[in-house]
Structure formats: C-alpha cells, structure tokens
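Undergrad: Whatever this is, show me its structure:
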Amino acid sequence: MKLGFYPPSWQALLQAAKVEMHLQAVLTHPVPELRDTLQLAQEVLDTELWRYHEKKIKMDKGKCLSHHWTSSNLIILQGYFPEYKAQMSQVLCDDLFTFHTELKKVIIPIAKSAYDVTN
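TA: Okay, the predicted model is just below:
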C-alpha cells in the first residue's frame, strides 16, 4: 500500500518513521538483508507509535489504541495498527530500499573521484 492509503495522522507517523529508518540504516544497518530490514521497520514503527502515545497524539479512524508496554515491545491490543502493521512495515522497507538507491547515486561518483577511478 502506498502512503496515501493511510489516514493523515498515520501518514505523519509513517513519515516520521521513514526519517528514523534512514537514520538507523545509515548508523547501524548500512547494507541490511530483507529480514533485518523488516525487523528494523517493526521496531521503528513501535518506537514512533510509543512517541505518539507519550505525546497523547490522537490517531485517525476514531480507533482507540489500547496497549501496554513490555520491556521489548509495544503491544497494541486493538485498533487500526494491528490490521495494517505488516503493510506499514513494507512501506518503510520499500522506502528504505529507495533511499539506498538514491544514496548510491550520490556516493558512487564521489568515491570514484576520491579514488581517481575512471569508467
């Protein structure tokens, strides 16, 4: 699903999650495998959702986010998120792969120039 599918507050959450995904990818997972990317996406979504909860930001669709926090996971018991978590994770993964492609387009010419490599 594309970002436009989601209600506005969820789009904002996903945009924030994309930024966090880019940061985490650059700092900790520069060349992630698909399985690692999916795990990272789920962790980032959980973290962003927790930030929204702490700030008491209401989410669209009138769904109540009833949840509790464990030491390692934010668990949503009911609401919009469980229904679309897998699709939201995929949106973040797709965006990360696009981000990596764009990053390569910038880095390759710089690396070639720095090491005086010609085609």
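Undergrad: Where does Leu103 sit: helix, strand or coil?
TA: helix (DSSP: H, G, I helix; E, B strand; the rest coil).
Undergrad: quick one, what contacts it?
TA: With contact set as CB atoms under 8 Å, 6 or more residues apart in numbering, Leu103 has no partners. To be clear about C-beta, it is placed using only N, CA and C from the backbone, and glycine gets the same treatment.
Undergrad: which residues of this structure fall in strands?
TA: Using DSSP state E, the strands assigned to the chain run over residues 66-69, 74-78.
Undergrad: what does the average pLDDT come to for the longest one?
TA: Computed over strand 74-78, the mean pLDDT rounds to 46.
Undergrad: Distance check, Pro82 against His29.
TA: Using CB to CB, to the nearest Å, Pro82 is found at 25 Å from His29.
Undergrad: Ignore what I typed, I meant Leu49.
TA: Taking CB to CB as the measure, Leu49 falls 20 Å from His29.
Undergrad: Low-confidence stretches in the protein?
TA: By pLDDT under 70, the low-scoring segments of the chain are 61-79, 119.
Undergrad: 50 - rerun?
TA: Counting by pLDDT under 50, the chain has low-confidence residues at 62-66, 68, 71-77.
Undergrad: for it, what spans make up the helices?
TA: Remark: helices assigned in the chain by DSSP state H are 8-27, 34-54, 80-114.
Undergrad: Turn those into TSV, columns for distance to Met1.
TA: Output for the helices of the chain, formatted as TSV (distance: least, CB to CB, whole Å):
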stretch	distance to Met1
helix 8-27	10
helix 34-54	14
helix 80-114	5
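Undergrad: Nearest to Lys2, out of these?
TA: helix 80-114 (7.5 Å; CB to CB).
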